[in-house]
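>>> Return atomic coordinates for the entry below.
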Amino acid sequence: MEKAIFAGGCFWGVQLDFDRVEGIALSVVGYIGGHKNNPTYEEVCTGKTNHAEAVEVTYDPEIVTFDDLLDLFWQFHNPTTLNQQGPDSGSQYRSAIYYHSEEQKTAAENSREACDETALWPDPIVTEITKAGQFWPAEDYHQKYLEKRNITISCH
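Below you'll find the model as predicted:
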């Protein structure tokens, strides 16, 4: 099993989208990229901690590859809007890929460039690609938030 971390706006929708992918064994919503240890949702929402809402996925690379996950990530959200997804705005809603290895970094950079060259998004991609730091799981009530409420349509 391997791990990958993606931020694409509200983490509820990103989690729901990744949970539908065969080969995803586990997904956890949480916070990454900020400067405060163990932040709360309320703190992250202020924008003052600089964390992104993100989803950490544990996946079986024999079933779904990191490249497959990248391809889906570009489709799950709008990677061309800086610090915004739909009506949600603020640095916590930024588009980002947090890599665990040089291989993931290279794959993410190549994938971003390839996606930027397609007609999938008319504007340039602004997704940041950053080395993964500490990932802080969000509070329990955020885990599988949409699924717990029988919401089957992603907010993305």
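
>>> Who is Ser95 paired with across the strands?
The bridge-partner assignment for Ser95, based on DSSP bridges, gives Gly8.

>>> Which pLDDT value goes with it?
Per-residue confidence at Ser95 stands at 97 (pLDDT).

>>> Let me know the distance separating it from Tyr41.
In this structure, Ser95 and Tyr41 are separated by 19 Å, where distance is defined by C-beta to C-beta, to the nearest Å. Every C-beta, even on glycine, is put in place using the N, C-alpha and C of the backbone.

>>> Out of these two, name the residue with the larger neighbour count.
Comparing Ser95 with Tyr41 by neighbour count (other C-beta atoms under 10 Å), the higher total belongs to Ser95, at 25 against 17.

>>> residue contacts, that one?
Ala7, Gly8, Gly9, His77, Asn78, Pro79, Thr81, Gln85, Ile125, Val126, Thr127, Glu128 (C-beta atoms under 8 Å, 6 or more residues apart in numbering).

>>> so of those, which ones are in strands?
Judged by DSSP state E, strands contain the following of these: Ala7, Gly8, Gln85, Glu128.

>>> Now tabulate the residues you listed in CSV and tack on neighbour count.
What follows is these, written out as CSV (neighbours: other C-beta atoms under 10 Å):
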residue, neighbour count
Ala7, 27
Gly8, 27
Gln85, 23
Glu128, 16
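
>>> Make CSV from these and add pLDDT and distance to Val55 to it.
Below are the ones in strands among the contacts of Ser95 laid out as CSV (pLDDT from 0 to 100; distance: C-beta to C-beta, whole Å):
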residue, pLDDT, distance to Val55
Ala7, 98, 8
Gly8, 96, 8
Gln85, 90, 13
Glu128, 97, 16
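
>>> No further questions, thank you.
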